[in-house]
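> Provided below for reference: sequence and predicted model.
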Amino acid sequence: MGNLPDNKLLLTKASRFCAYRDRCHQEVRKKLLDLGASSDQSEEVLAELIGLGFVNEERFAQLYASGKFRQKRWGRNRIILELRKRGLTEYCIEQGLKEISNTDYLSTLEFLIAKKRKTLAPGKQAVIDQKTGNYCIQKGYEPDLVWQLVKKVDKPSR
């Protein structure tokens, strides 16, 4: 096994990778493998990074959930899906979702509904509601909540 990089070099590069922004275990493993580490080496370095506090999946989930909600206005379903894709535990996902307050969540959904309605051409209210609801569901909001608010939020007067 002559050409494997040593653990110290891998640790240095991986710690820089993690210092840039929070990462999940899956991203760090992939980076280490891209750097030429064996799977045993990558697990050793990952364990060391966790011990040093460079990698923390609970913190990653919290920052990811709050960031995607605030920046891209994603709903809980979309955030859960993306965190599961990254191999996070259900516990970490729950901790991440706690970063989103219910009041912010509802007001953001109401904002998205109003914003989407403004972009739609005048027509039958049922069609406008359907398009608005589908848009919000695609952004990851819960269908029951979306339809409840689509019916409740003030319709624009035309």
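Structure's in. What do you need?
> Distance-wise, check the closest residue to S66 other than its chain neighbours relative to T119.
Nearest residue to S66, sequence neighbours excluded (C-beta to C-beta, 6 or more residues apart in numbering): E99, at 4.0 Å. All C-beta atoms are positioned from the backbone trio N, CA, C, and that covers glycine. Relative to T119, E99 is positioned 29 Å away (C-beta to C-beta, to the nearest Å).
> and the longest helix for this protein?
helix 102-119 (DSSP state H).
> For the helix or strand just after it, report the contacting residues that lie outside it.
Sequence-wise, the next helix or strand downstream of helix 102-119 (DSSP states H and E) is helix 125-138. Applying C-beta atoms under 8 Å, 6 or more residues apart in numbering, the contact partners of helix 125-138 are 75, 109, 112-113, 116-117, 120, 143, 146-147, 150-151, 155.
> List the buried residues of helix 125-138.
Within helix 125-138, the residues that qualify as buried are 128-129, 131-133, 135-137, counting by 16 or more other C-beta atoms under 10 Å.
> Nearest to L46, out of the residues you listed: which one, please.
Among these, I137 lies closest to L46 (C-beta to C-beta), at 36.4 Å.
> Could you dump the buried residues of helix 125-138 into CSV with pLDDT and distance to I93 added?
As requested, those are arranged in CSV below (pLDDT from 0 to 100; distance: C-beta to C-beta, whole Å):
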residue, pLDDT, distance to I93
I128, 92, 34
D129, 94, 31
K131, 95, 30
T132, 96, 28
G133, 96, 25
Y135, 97, 24
C136, 97, 21
I137, 97, 20
